[in-house]
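Peer 1: Sequence first, then the predicted structure, then my questions.
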Amino acid sequence: MRTRGVCCDLEIRLEPARIAGAVDVLKALADPTRLGMVAALRRQGAPVCICDLTAAFDLTQPTISHHMAILRRAGLVSSEKRGIWIHYGMRADLEPAVRKVLDAVA
């Protein structure tokens, strides 16, 4: 049975897990600071110490950590503790679709 205002059947097949992942990535990248951080990490090509990120972005260490936590939860960056410092880098195993998004925006 068709509802009012509908002239054809429209089938939408969305995998909830895939959609949730895409939404997380897009939300993480929607912040100008985080987008800048991703661009910087991509250009660097190797993990970057949080101390260098605080200097480059003129933000406090807790603020950088907050942004990096969001990027980590979205699956975009990885972190590694070296001594007292955390080093962040782009994940090497990003899906091709995510890489295309990053190529387009960062």
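Peer 2: Good, I have the coordinates. Residues are numbered from 1 along each chain as shown.

Peer 1: part of a helix, is S79?
Peer 2: No. Applying DSSP: H, G, I helix; E, B strand; the rest coil, one finds S79 to be strand, outside a helix.

Peer 1: T60 is in contact with C51, isn't it?
Peer 2: No. If you go by C-beta atoms under 8 Å, T60 and C51 don't touch, sitting 11.5 Å apart. C-beta here means a position set from N, CA and C on the backbone, and glycine is covered the same way.

Peer 1: Compare those two (neighbour count), which wins?
Peer 2: Remark: of T60 and C51, C51 carries more neighbours, 14 against 10, as counted by other C-beta atoms under 10 Å.

Peer 1: helix or strand for that one, which one?
Peer 2: Under the criterion of DSSP states H and E, C51 resides in helix 50-57.

Peer 1: Verify the contact between A46 and G89 for me.
Peer 2: Yes. With contact defined as C-beta under 8 Å, A46 reaches G89; the gap is 6.4 Å.

Peer 1: Just want to know which of those two has more residues nearby.
Peer 2: Applying other C-beta under 10 Å to A46 and G89 shows that G89 carries more neighbours, namely 16 against 8.

Peer 1: What is the burial count for the closest residue to the more buried one other than its chain neighbours?
Peer 2: Distances taken as C-beta to C-beta, 6 or more residues apart in numbering put P47 closest to G89, at 3.7 Å, once the chain neighbours are dropped. Look at P47: counted by other C-beta under 10 Å, it has 16 neighbours.

Peer 1: show me the contacts for P47.
Peer 2: Residues in contact with P47 (C-beta atoms under 8 Å, 6 or more residues apart in numbering) are 78, 80, 87-89.

Peer 1: List the buried residues in the helix or strand following the helix holding C51.
Peer 2: The helix or strand immediately downstream of helix 50-57 is helix 61-73, counting by DSSP H and E. Within helix 61-73, the residues that count as buried by 16 or more other C-beta atoms under 10 Å are 64-65, 67-68, 70-71.

Peer 1: Just the pLDDT at R4, thanks.
Peer 2: R4 carries a pLDDT value of 67.
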